[in-house]
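> Curious how this folds, go ahead:
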Amino acid sequence: MSAKGALVKLVVEAGKAAPAPPVGPALGSKGVKAIDFCKEFNARTAHYEPGVPIPCLIKIKPDRTFQFEIKSPVTSWLIMKAAGVTQGAGKSSEPVGSISLKHVWEIAKIKSKDDRHKGVPMQAIVGSVISTAAAVGVTVVP
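Numbering: from 1, shown residues only. So this is what the prediction gives:
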């Protein structure tokens, strides 16, 4: 591994991190023991419903130690959960479900807690959630 360290981005299901793909190969190639990450990740995501896809940013230092940041669940998953569907549309013109503006607002509140959205106006986050809903085939009704 280089002397600079590395940055690894993964989406792992809450409570289901295992040294199997995708976690094992992604971390093993950087010289990190995947089992150490998995134990800590599973402990920190124990409060989530099992199977929730959680984005994770792992910073690996040159000495092979690591720190990771857990972000809020994936927006499309939150939208599909609110709509009560298990899969998005094959084409965004084919609606698979609908959510209310209240659902959009609640999802935007969850997403606004991420560091990535610090300083971003709530109106912009709501717009992003509505755009994501359209992309997965979920309509937003007033």
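> list the contacts for residue 88?
Contact analysis of residue 88 by Cβ atoms under 8 Å, 6 or more residues apart in numbering lists 76, 80, 96, 135, 136, 137, 138. Where C-beta positions appear, they are placed from N, C-alpha and C, glycine not excepted.
> Equivalent analysis for residue 130, please.
Neighbouring residues of residue 130 by Cβ under 8 Å, 6+ apart: 104, 140.
> so how far is residue 65 from it?
Separation of residue 130 from residue 65 (Cβ to Cβ, to the nearest Å): 41 Å.
> now swap in residue 115 and tell me
For residue 115, the distance to residue 65 equals 21 Å [Cβ to Cβ].
> could you point out which element follows the helix or strand where residue 130 lies?
Residue 130 belongs to helix 122-136 when elements are defined using DSSP states H and E. Heading C-terminal from helix 122-136, the first helix or strand you meet, by DSSP H and E, is strand 138-141.
> Given that following strand, what are its sheet partners and their directions?
Neighbouring strands of strand 138-141 in its sheet, by DSSP bridges, are strand 97-100 (parallel).
> Quick check: can you list the domain ranges of the chain?
Following automatic domain parsing, the chain resolves into domains at 6-70, 75-141.
> Those domains into CSV, with extra columns for mean pLDDT?
Output for the domains of the chain, formatted as CSV (pLDDT from 0 to 100):
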stretch, mean pLDDT
domain 6-70, 92
domain 75-141, 92
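> And the helices in this structure, which stretches?
Remark: helices assigned in the chain by DSSP state H are 23-28, 34-44, 75-83, 101-111, 122-136.
> could you give the angle of the fourth one to helix 122-136?
For helix 101-111 against helix 122-136, the angle by axes from the mean of the first three to the mean of the last three Cα atoms, to 10 degrees is 110 degrees.
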